[in-house]
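In: structure of the sequence below:
(chains A and B)
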Amino acid sequence: MKKEVPIIEGLFKWPSEKPQLIGSRCPKCGSIQFPKSTVCNNPDCDHSAAVEEYVLSPVGTLYTYTVHAYSVREPFQYHKGPYVVGAVELPEGLIVVGRIDIQDEKALRIGMKLRLKIGKLYEDDQNIYLSYFFEPVIGND
Amino acid sequence: MTECAIVGAAITNWIPSGEPTPLLMDRLAEASIKALREARLTPGELDAIICNTSSIPFDSPAFITSSAQHFAHRLAERIGIREAQCMNVSAACASAAIAFSAATSMAKSGLIKKVLIAGIDNSPRGFYLPEQSYLDPDPYAAAIKVIGATNPAYWAMWARRRAYEMGKDVEDIKELMALVKEIHSQYGTLNPYARYRKIFTADEVLKSPIVCDPLHLYMICATCSGGGAVVVTDMETAKKITDKPVKVAASAVGGPLYGEPMPRLRVFSTYKKLKPFTEWRKPIEKAYKIAGITAEDVDIIECHDTSCFHTINWIDQIMGWEREETDNLIRKRQIRHDGELPVNLSGGTASFGESVYSQAFMMLHELFRQLRGEAQERQAKKNLKIGVCTAYGAYGAYGCIILEKGW
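Out: Next up, the predicted model:
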């Protein structure tokens, strides 16, 4: 039985019923970062309070994207082209780059609503590696 | 602050990379000696040697102690120095531009009077795969591992967003990028140092395979091996050396700007607070202020075109134009040597390919020759006074240099 493991620890809540990315937020100025950081990144912040872990909104809109036609070579050969890379704007103002999981690339539209999911990126002999993806929101959800 | 000027420049040929080339140190030393001879200086007269590091550790196996990270010291050993301060600058695609900025800042402060800025690279082939080191398993460095976002993926996302903001179909910017390549490649055929000395028609470019939609293969520069050397002195010395000193009117170094929405190379996220590409625009504004000029004073541009999108965006940002003006300028082919605003008459990275860490040398060399009227068949027709050179790379590494006729 293969073990499911996140591709990188600490990027997203897993295992969890509600998939969410883990960022950080400065309680002093409100600046948000992903992946999470130990210090605030706002150049005007006085750093008088420690940043806190902050889970990001799971739904956002597509800011821009590309269809990556080629595969990446080893050791990242599991990124097999064609696949879609997109930048997703979250309500917090953060723009997150991620893989977009969509059946028909022609249906991609800047501004379309997308939701985070956790899914399989690839597997080897021992493990199934999980990562975060964004997929289209169907209906009014 | 004292003024300083370029008094000598040389570049190597740009050749295929990703395999051992003729020795980097030999080629670097030869280019350095050539530039010093033009400057009528001996190595013993230098106050400093500032080099770029190299992209060699991007390939594997590679180690930070690689000799290719310490060119300044090795070059100093090779050509001989007396008192020169040696240092190496690492800043991805902007390494050479920032080495130049560091050198000219020191010269302007009066701390040094004669400096050699030099560098060479042999870039890994294909997509860059900066893997995390087990010594620094920083998740911030793992975007390619998690997302598969190669450098062209980011460039393609920028291009698509620009088209969207103009209310245009992405096919529109695709055609424009193909035209940029066609124009630049014509100058590549006239440049003996360029790797690609062939005209790529817009039609051929659009027929080349798609790498990251909307970018086709011929819209993306190949990685290369090449380098160069530039000699800078204080203006007083410069005027004794040559009657055509090229004044360093300004140099500005940029970095990842807080609030820039457009995802810069290698990142997982950005925070949307500013107008897209403010990160590209800011250092240019700073350089204009230092030089005491405005965009209207710019006569010629050598910009870092790792993709043909870069050329388009550089013109937007350097000129501070609304985007339609840039598109019209390119469509009317006014970026040619006989146009209103010549851009990349060297042939650009589109014709040279990119020797990643050393790319600024071919741009500085071209501006130096153009401003002195020594660019032969590529020489701009208009009267040139001021030229701008820009470089931008991974993590927001950035340099902007303004050169001006100093006579």
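In: quick one: low-confidence ranges for the chain?
Out: All of this is about chain A. A:140-141 (pLDDT under 70).
In: you answered for a different chain; I wanted chain B.
Out: Looking along chain B with the criterion set at pLDDT under 70, you get B:58-65, B:130-133.
In: what parts of chain B come near chain A?
Out: Residues of chain B that fall close to chain A, judged by CB under 8 Å from any CB of the partner chain: B:126-127, B:129, B:131, B:139-140, B:142-150, B:152-153, B:156-158, B:160-161, B:164, B:209-215, B:258, B:261, B:263, B:267-273. For the C-beta atoms, the positions are set from N, CA and C on the backbone; glycine is no exception.
In: starting at the chain centroid, how far to the helix of greatest length in chain B?
Out: Longest helix in chain B by number of residues (criterion: DSSP state H): helix B:170-188. Centre-to-centre, helix B:170-188 and its host chain are 19 Å apart (CA atoms, centre = their mean, to the nearest Å).
In: and if you look at stretch B:182-194?
Out: The answer for stretch B:182-194 is 16 Å, by CA atoms, centre = their mean.
In: output it as PDB, nothing but the C-alphas.
Out: In PDB, the C-alpha atoms belonging to stretch B:182-194 read as follows (Å, rounded to 0.1, in the frame of the first residue of the first chain):
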ATOM      1  CA  GLU B 182      11.900  39.100 -37.200                       C
ATOM      2  CA  ILE B 183      13.200  42.700 -36.700                       C
ATOM      3  CA  HIS B 184      15.800  41.800 -34.100                       C
ATOM      4  CA  SER B 185      17.000  38.800 -36.100                       C
ATOM      5  CA  GLN B 186      17.800  41.000 -39.100                       C
ATOM      6  CA  TYR B 187      20.400  42.800 -36.900                       C
ATOM      7  CA  GLY B 188      21.700  39.400 -35.700                       C
ATOM      8  CA  THR B 189      22.800  38.700 -39.200                       C
ATOM      9  CA  LEU B 190      24.900  41.900 -39.100                       C
ATOM     10  CA  ASN B 191      26.600  41.200 -35.800                       C
ATOM     11  CA  PRO B 192      29.700  39.100 -35.900                       C
ATOM     12  CA  TYR B 193      29.400  38.200 -32.200                       C
ATOM     13  CA  ALA B 194      25.800  36.900 -32.400                       C
END
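In: what sits up against that stretch?
Out: Under the criterion CB atoms under 8 Å, 6 or more residues apart in numbering or on different chains, residues B:11-14, B:196-202, B:205, B:226, B:305, B:308, B:311, B:330, B:333, B:335-337, B:344-348, B:350-352, B:362, B:365, B:376-378 lie in contact with stretch B:182-194.
In: next: stretch B:279-291.
Out: B:249-254, B:256-257, B:260, B:262, B:264, B:294-295, B:313-314, B:317-318, B:320, B:386, B:388, B:390, B:392, B:396, B:398-402, B:404.
In: switch the cut-off to 7 Å
Out: B:249-254, B:256-257, B:260, B:264, B:294-295, B:313, B:317-318, B:392, B:396, B:398, B:400, B:402 (CB atoms under 7 Å, 6 or more residues apart in numbering or on different chains).
In: let's see which of those end up in helices.
Out: Using DSSP H, the contacts of stretch B:279-291 in helices are B:313, B:317, B:318.
In: in this structure the second one contacts residue B:275, no?
Out: Spelled out, it's residue B:317. No: with contact defined as CB atoms under 7 Å, residue B:317 does not reach residue B:275; the gap is 10.8 Å.
In: tell me, how many residues neighbour the residue of chain A found nearest chain B?
Out: Relative to chain B, the nearest point of chain A is residue A:79 (3.1 Å; CB to the nearest CB). Neighbour count for residue A:79, taken as other CB atoms under 10 Å in any protein chain shown: 24.
In: ditto for the one 5 residues further on
Out: If you count neighbours by other CB under 10 Å, residue A:84 ends up with 21.
In: continuing past the strand or helix carrying it, what's the next helix or strand?
Out: Taking DSSP states H and E as the criterion, the element that holds residue A:84 is strand A:83-89. Going down the chain from strand A:83-89, the next helix or strand is strand A:94-100, by DSSP H and E.
In: same for that next one, what does it pack against?
Out: strand A:83-89, strand A:127-136, helix B:143-147, strand B:269-271 (3 or more CB pairs under 7 Å, 6 or more residues apart in numbering or on different chains; DSSP states H and E).
In: tell me which of the ones you listed lies nearest to residue B:20.
Out: helix B:143-147 (25.4 Å; CB to CB).
In: what's the neighbour count on residue 75?
Out: I'll assume chain A. 11.
In: could you do chain B instead?
Out: Neighbours around residue B:75, by other CB under 10 Å: 26.
In: quick one on the thing from earlier: what comes into contact with the very next helix or strand once past the longest helix of chain B?
Out: Next helix or strand after helix B:170-188 toward the C-terminus (DSSP H and E): helix B:202-207. With CB under 7 Å, 6+ apart as the contact definition, helix B:202-207 has outside contacts at B:174, B:178, B:179, B:181, B:182, B:216, B:218, B:219.
In: report the contact partners of the last one.
Out: So that's residue B:219. Counting by CB under 7 Å, 6+ apart, residue B:219 has contacts B:177, B:178, B:181, B:205, B:307, B:308.
In: list the beta-bridge partners for the fifth one.
Out: Right, the one you point to is residue B:307. residue B:220 (DSSP bridges).
In: which residues sit in contact with it?
Out: Per CB under 7 Å, 6+ apart, neighbours of residue B:307: B:152, B:155, B:215, B:219, B:220.
In: contact partners for the last one?
Out: So that's residue B:220. B:152, B:211, B:307.
In: count of residues packed around residue B:242?
Out: Close neighbours of residue B:242, defined as other CB under 10 Å, add up to 19.
In: so residue A:27 sits against residue A:53, correct?
Out: No: using CB under 7 Å, residue A:27 is not in contact with residue A:53, being 11.3 Å away.
In: name the nearest residue to residue B:197, ignoring sequence neighbours.
Out: residue B:189 (4.9 Å; CB to CB, 6 or more residues apart in numbering or on different chains).
In: mind checking the longest strand of chain B?
Out: strand B:224-234 (DSSP state E).
In: show me what that strand is packed up against.
Out: Packing partners of strand B:224-234 (3+ CB pairs under 7 Å, 6+ apart): strand B:4-11, strand B:15-16, helix B:24-38, helix B:95-109, strand B:114-122, helix B:360-371.
In: with mean neighbour count and distance to residue B:170 as extra columns, can I get those in a markdown table?
Out: Listed next are the helices and strands packed on strand B:224-234 as a markdown table, based on neighbours: other CB atoms under 10 Å in any protein chain shown; distance: least, CB to CB, whole Å:
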| stretch | mean neighbour count | distance to residue B:170 |
| --- | --- | --- |
| strand B:4-11 | 27 | 35 |
| strand B:15-16 | 15 | 31 |
| helix B:24-38 | 20 | 40 |
| helix B:95-109 | 25 | 30 |
| strand B:114-122 | 30 | 32 |
| helix B:360-371 | 27 | 29 |
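In: domains in chain A, by residue range?
Out: A:3-14+A:58-136, A:22-55 (automatic domain parsing).
In: show me what from chain A comes close to chain B.
Out: A:7-8, A:10-11, A:31-32, A:34-35, A:41-43, A:63-70, A:72-73, A:75-76, A:79, A:83, A:85, A:87, A:89, A:93-99, A:110, A:131 (CB under 7 Å from any CB of the partner chain).
In: can you flag the buried ones in the residues of chain B next to chain A?
Out: B:127, B:129, B:139, B:142-150, B:152-153, B:156-158, B:160-161, B:164, B:210-215, B:258, B:261, B:263, B:267-272 (16 or more other CB atoms under 10 Å in any protein chain shown).
In: check which helix or strand the nearest residue to residue B:188 once chain neighbours are set aside maps to.
Out: What sits nearest to residue B:188 in space, not counting adjacent residues and going by CB to CB, 6+ apart, is residue B:351, at 2.4 Å. In this assignment (DSSP H and E), residue B:351 forms part of helix B:348-352.
In: so which elements touch that helix?
Out: helix B:170-188.
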